[in-house]
Every structure is written in C-alpha cells, then in structure tokens.
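Trainee: output the structure for:
(one chain, ligands or ions: 3)
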Amino acid sequence: MRLTLLGTGDAAGMPVYGCHCERCVMARENPDYRRGPTSALLEIDDKRYLIDAGLMDIADRFPAPTLDGIFLTHFHPDHVQGLFHLRWGRGNKIPVYCPTDNTGFADLLKHPGVLDFQVLRKYEPLNIGELTITPVPLIHSKPTFGYLFEKEGHQIAYLVDTKDIPPRVEEFLREKQLETVIIDTCSPPGVENRNHNNLDDTLSLHQRIGAKKTIMTHIQHDFDLWLTDNCDSLPETVIPGYDGYIAYYR
Ligand SMILES: [Zn+2]
Ligand SMILES: [Zn+2]
Ligand SMILES: [Zn+2]
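Mentor: Ligands and ions are numbered 1, 2, ... in the order given. Model prediction:
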C-alpha cells in the first residue's frame, strides 16, 4: 500500500495570489515550495483511490480507466473543484464516496455524469477487497468525513478539514493504534480558526490519538512562514507534509 500526498495547501494555495510574503515569493521561484489543494492518492496493488478532488488536472494525471474510486471528505470547492469537468467524461462510472450533504456543491449532485456518488454513513465500514474504510465525522462548517483506511495491520487516518475532532472519534482512533494520521493544520500556534486546526490543536491531537506519525496538511502560507523559522522545534513524529510526499505500508 502506498500513500502519496498530491496537494498539501489550503483553499488559497501556495503561492497566494497577490501575496509577496517570503514564502509565496519562494514558491513562485521554485515549484518545490508550491502547495496544491489538499488531496492524496492511495494505491493498493493495481488499484488507485483519490482522496479529495481539488486538483484541476485529475484527468491528465489519471487517464481513464486508472481511477478506481474517489473518497470525498466534504463539498468545499478546494476538495471537489476537479470533478466539474471530469464528470462529462466517457466510459465506466467512477465511484465517489462522500458524506450526506443536501446542498453538495453547485450542481454536482444533480448532474453527476460519470461520477457515481455513494453516500457513506459514519462509523459504518466499507470493504473493498482487503481494504476497509471507515468514515468518521469531523468538526467543520460543512458535513465532513475523516477516513480510516485499514489493510493487513496498517492503519492510516485522513482527517481533513477539521477543528479538533469529536470525543468519540478520538476514542475510536486511539484504540486503533494508528501508524499515520494525516491532519488539517492550517495555522501557526496561537492563531485561531474555528474551522481548521492550528499547530497547538494538532500537537494536542497527536498526543491524544497516540499515532506513531502525524503528517500535517492543508497548510496556509502564514504557517509555512512559521515553519521556515521553527521547523526544528517540532517533535520528530510530527511532520509538515509536502506535495509529492510518499509513505509505503508493507
Ligand atoms: Zn504569502
Ligand atoms: Zn473545508
Ligand atoms: Zn479545505
């Protein structure tokens, strides 16, 4: 099993349009510092599952029929905007697993095209081959699922977008003894946002969930600036994600 972070930025992306902070200037000069919309790819043998669909070049990266499914965390544009042209494609339907959201985003649910939206229920596991996926509710301004992916003793939790997590989810994940948590960490310590974690929230969750490794994603440019000066102060087991980060689970 292989997990790749395809994007690790927030809705504004990195560089931020019109921003001349040190980090945005660096990102304009060197593509390595760019951050696309937060999303990931989970590969298991010859199967490929996308986690969120904010990238605008999904069709180029994953030509039909190489995508076996998409897990949507929620219907904010930075997580679904890449689906708007993909839906008018030809060929096999692509299962798109998602939470219940009566408004969804624009007319995506009304005109799904080749996208086969399948609503999941919280805590009800879905089995695809040897992979078990359990959706868990998060705390955000829209109905949002985090996902627990389990295969052959490997456990990965993907918790985006969220401000803290509900106590029941915390307990559920702690008992799983997770290998990796990928988590929304938008802002530097002390900067409050009621829809996203800051570093304080993430460090607290890292302790409380007890994962071996926590990888931060959905990173805003001001947090990137903070990381430039303070990255060394982080615990070794809490890592800022970057676009192209790969983790193997064997
Ligand atoms: Zn900036
Ligand atoms: Zn969101
Ligand atoms: Zn987002």
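Trainee: part of a strand, is L6?
Mentor: Yes: according to DSSP: H, G, I helix; E, B strand; the rest coil, the state of L6 is that of a strand.
Trainee: could you give the average pLDDT over stretch 125-136?
Mentor: In this model, stretch 125-136 has an average pLDDT of 97.
Trainee: so which residues make contact with that stretch?
Mentor: 44, 47, 69, 71, 97, 99, 120-124, 145-152, 157, 165, 169, 172-173 (CB atoms under 8 Å, 6 or more residues apart in numbering). Just so you know, the C-beta spots here come from the backbone N, C-alpha and C atoms, and that holds for glycine as well.
Trainee: cool, and stretch 31-40?
Mentor: Residues external to stretch 31-40 that are found in contact with it (CB under 8 Å, 6+ apart): 3-11, 13-15, 23, 26-27, 50-55, 78-79, 81-82, 158, 160-161, 182, 184, 217-219, 224, 242-243.
Trainee: does ligand 1 have contacts with it?
Mentor: No: no part of stretch 31-40 sits near ligand 1 under the criterion CB under 5 Å from the ion; the closest distance found is 10.7 Å.
Trainee: can you show me the CA trace of that stretch as CSV?
Mentor: The C-alpha trace of stretch 31-40 is given here as CSV (Å, rounded to 0.1, in the frame of the first residue of the first chain):
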residue,chain,number,x,y,z
PRO,A,31,7.9,24.8,-7.7
ASP,A,32,9.1,22.6,-4.8
TYR,A,33,7.6,25.1,-2.4
ARG,A,34,4.2,25.1,-4.1
ARG,A,35,1.2,23.6,-2.4
GLY,A,36,-1.9,22.4,-4.4
PRO,A,37,-5.3,21.7,-3.0
THR,A,38,-5.1,19.2,-0.2
SER,A,39,-5.6,15.7,-1.6
ALA,A,40,-3.9,12.3,-1.7
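Trainee: just the buried residues of the contacts of stretch 125-136.
Mentor: 44, 69, 71, 97, 99, 120, 122, 145-151, 157, 165, 169, 172-173 (16 or more other CB atoms under 10 Å).
Trainee: in strands only, show me those.
Mentor: Counting by DSSP state E, the members of the buried ones among the contacts of stretch 125-136 that fall within strands are I44, G69, F71, Y97, F145, G146, Y147, L148, F149, E150, K151, A157.
Trainee: and the residues you listed, which is closest to ligand 1?
Mentor: The closest of these to ligand 1 turns out to be G146 (CB to the ion; 27.7 Å).
Trainee: for that closest one, which residues make a bridge with it?
Mentor: With beta bridges defined as DSSP bridges, G146 has these partners: V136.
Trainee: show the model's pLDDT score for it.
Mentor: In the prediction, the pLDDT value recorded for G146 is 98.
Trainee: cool, the one 10 residues further on as well?
Mentor: As predicted, I156 sits at a pLDDT of 98.
Trainee: counting neighbours, what do you get for it?
Mentor: A total of 25 residues lie near I156 under the criterion other CB atoms under 10 Å.
Trainee: that one and I44 touch, don't they?
Mentor: No: applying CB atoms under 8 Å as the test, I156 and I44 come out as separate, 11.4 Å apart.
Trainee: name the residues of this protein found near ligand 1, please.
Mentor: By the criterion of CB under 5 Å from the ion, the positions of the chain lying close to ligand 1 are V16, C19, C21, C24, H221.
Trainee: thinking again about what came up before, now tabulate the ones in strands among the buried ones among the contacts of stretch 125-136 in JSON lines and tack on distance to P188.
Mentor: Putting those into JSON lines (distance: CB to CB, whole Å) gives the following:
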{"residue": "I44", "distance to P188": "35"}
{"residue": "G69", "distance to P188": "35"}
{"residue": "F71", "distance to P188": "29"}
{"residue": "Y97", "distance to P188": "33"}
{"residue": "F145", "distance to P188": "26"}
{"residue": "G146", "distance to P188": "22"}
{"residue": "Y147", "distance to P188": "26"}
{"residue": "L148", "distance to P188": "28"}
{"residue": "F149", "distance to P188": "29"}
{"residue": "E150", "distance to P188": "32"}
{"residue": "K151", "distance to P188": "34"}
{"residue": "A157", "distance to P188": "23"}
